[in-house]
Structures are given as structure tokens and as C-alpha cells.
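Enquirer: okay, predicted coordinates and the sequence, questions at the end:
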Amino acid sequence: MSTSVALVTNVTQYAGPAAAIALAADGFLTVAHDDSFVDSAVREVYAAANPGVIPLAAQDEADIVEEARTYGTVDVLVSNDYVPVSMLGDPFETAPLASYEAIMRALVYRPFLLMQALLPTMKENRHGRVIFITSAVAVRPIPSVIMYGTARAASTSMATAAAKAFGEFDILVNSIGPNWFENPTYFPPGRWEADAALRETVAKEVPLQRLGQQHEMGALIAFLASGKAAPVTGQFFGFTGGWLP
């Protein structure tokens, strides 16, 4: 009997730490991609610090899936997609097409290619759990990041449509849209304590009055990966402390 594998992308960014820890704790053989893992020394340091998670060297989507499969059957994909803050600043009216293409490549093409590579086996086995980590701006757009928001909306819609297309094979597909969430990419640890303006904004905008935490994100990811409530598929879960209605 093959081992059930959970694959997490961009494991050191965004919701990656939460996903890897939670899935490993739930007994999945958890393998992880990260851009930094192209360096073998970085992989060694990560593996030593995270004994329940196996870092992968592969970077191309097809190669990531191929390497993950060397550990067993990939039953769970957490496509944890992000772009760095530095890619969000181009004004919509003057941004070169290349900027938009780079955002789409990271936030839409990658989850598409990963899921496409995994689908034949998931369909054959009639089992799969796919979670796209997108953003709350997919459903509550922010004018200052139009290109980012439309890319997030595209991947969120893709998850919903895929759930309908492949549900007959017991492939459950959901998306999670964070905002006001402590993470290494957009709200790094320590910022809350150091940034009075952030705390003031959260007090005004977020009913929960605080940032969401990694362990809370991990609990949601683990629930969706478990399939314990299988009719929950094709859904978008806002993870925003009430910022979304």
C-alpha cells in the first residue's frame, strides 16, 4: 500500500508554515517545495529544523510533482501561492504587461499546472484533496492592487470550477482567502507589536481586533485536507477575522 503524501508549495512563505506543520501533525508524509530549496544547504537547514517535513529540490511544476511522487501517492495538494510585496506596487495604468504576466504566472498558472499534473492519478484513485491559498481580495477588491486582485479572483474561480468538474472522482477542491493574517510574506512576526498604524487599522477594519495566526490557518487546512466533511467542496473560506462579510 502506497504512502499518502501531502504536498505544500512555497513552504516558508504565506500559509506554508501553517500547512506543513498541521499536515505533518495529522500523519501525512508531508513534502514541501520552496524557491530557496534549490540550494542543498538551505534544504538541510530546513529539514533539521522541521523533522516532520521533507524539502524538495525541484522547482518546475512537473518536476515538483515527480519528486513528490517518489515518496508515495500525492493525495493532498496545498498550492500556497504568493508574490512578494515588491511585485504589488506597479500602478495599474502604467504597469508593463510583463508585470501582470509575472503575477499571473505565480498565482494562476502554477496552481493550474500542479493540479493538472496530479489529476490523472487522483482520478484513477478516485481520491484527492486540493486547497488553493488565494486571498480575500479575490472577493473584496482593493483598488491599489488591481492586478493582484484579479489574479487571486482567477485562481479562486478555478478552484470552484475544478470542484464541480472532478467531484465525481471524490476530488475535493477548496480555496482559502486570507487577509489580516500573520505570515512571513505580508504581515511578518513582530510587525504587530512594532506598527501602531497597523494596530489602529485592524481596530477599525477587523471585527476580531487582531491578526489571524499560523496555527489557526493550519487548523483550517488540516480540516479541509481530512475530507471528514466531504460535501464541503467548491467553497471559498475567508480567513480575515470578519473583514469579509
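Expert: Thanks, I have it.
Enquirer: phi, psi for G128 please.
Expert: When read as degrees, to the nearest 10, the backbone of G128 gives phi -180, psi 150.
Enquirer: let me fix that: F187
Expert: F187 adopts backbone torsions of phi -130, psi 70, taken as degrees, to the nearest 10.
Enquirer: next one: Q59
Expert: Backbone torsions of Q59, given as degrees, to the nearest 10, read phi -120, psi -40.
Enquirer: ok, it to E200 distance?
Expert: Relative to E200, Q59 is positioned 40 Å away (CB to CB, to the nearest Å). For glycine as for every other residue, the C-beta is placed from the backbone atoms N, C-alpha and C.
Enquirer: report the beta-bridge partners for the residue nearest to the spatial centre of the chain.
Expert: Among the residues of the chain, the one closest to the centroid is N80, at 2.0 Å (CA atoms, centre = their mean). Per DSSP bridges, the residues bridged to N80 are I133.
Enquirer: quick one: it and N10 touch, right?
Expert: Yes: using CB atoms under 8 Å, N80 is in contact with N10, at 4.8 Å.
Enquirer: top helix in this structure by residue count?
Expert: Ranked by number of residues, the top helix in the chain under DSSP state H is helix 146-166.
Enquirer: now do that helix: distance to the chain's middle.
Expert: Between the centre of helix 146-166 and the centre of its host chain there is 13 Å, according to CA atoms, centre = their mean, to the nearest Å.
Enquirer: next, the angle helix 146-166 makes with the following helix or strand past it.
Expert: Going down the chain from helix 146-166, the next helix or strand is strand 171-178, by DSSP states H and E. With axes from the mean of the first three to the mean of the last three CA atoms, to 10 degrees defining the directions, strand 171-178 sits at 160 degrees from helix 146-166.
Enquirer: which strands and helices sit next to the strand or helix carrying V31?
Expert: For V31, the element it lies in under DSSP H and E is strand 29-32. Counting contacts by 3 or more CB pairs under 8 Å, 6 or more residues apart in numbering; DSSP states H and E, strand 29-32 packs against strand 4-8, helix 16-25, strand 53-55.
Enquirer: could you check the angle strand 4-8 makes with the following helix or strand past the last one?
Expert: If I follow you right, that is strand 53-55. Following strand 53-55 in sequence order, the next helix or strand is helix 61-69 (DSSP H and E). Computed by the same axes, to 10 degrees, the angle separating helix 61-69 from strand 4-8 equals 140 degrees.
Enquirer: show me which residues of helix 61-69 are buried.
Expert: E61, I64, V65, E67, A68, R69 (16 or more other CB atoms under 10 Å).
Enquirer: tell me the one of those residues nearest T121?
Expert: Taking CB to CB as the measure, T121 sits nearest to R69 out of these, at 8.0 Å.
Enquirer: mind checking the SS state of Y100?
Expert: The local conformation at Y100, judged by DSSP: H, G, I helix; E, B strand; the rest coil, is helix.
Enquirer: number of residues surrounding it?
Expert: By other CB atoms under 10 Å, the residues close to Y100 number 17.
Enquirer: does it touch M147 like I think?
Expert: Yes: using CB under 8 Å as the test, Y100 is close enough to M147 to be in contact (5.0 Å).
Enquirer: show residues contacting stretch 37-56.
Expert: For stretch 37-56, the surrounding residues in contact (CB atoms under 8 Å, 6 or more residues apart in numbering) are 8, 11-12, 20-21, 24-25, 29-34, 36, 57, 59, 64, 67-68, 71.
Enquirer: what's the average pLDDT for stretch 204-214?
Expert: Across stretch 204-214, pLDDT averages out at 98.
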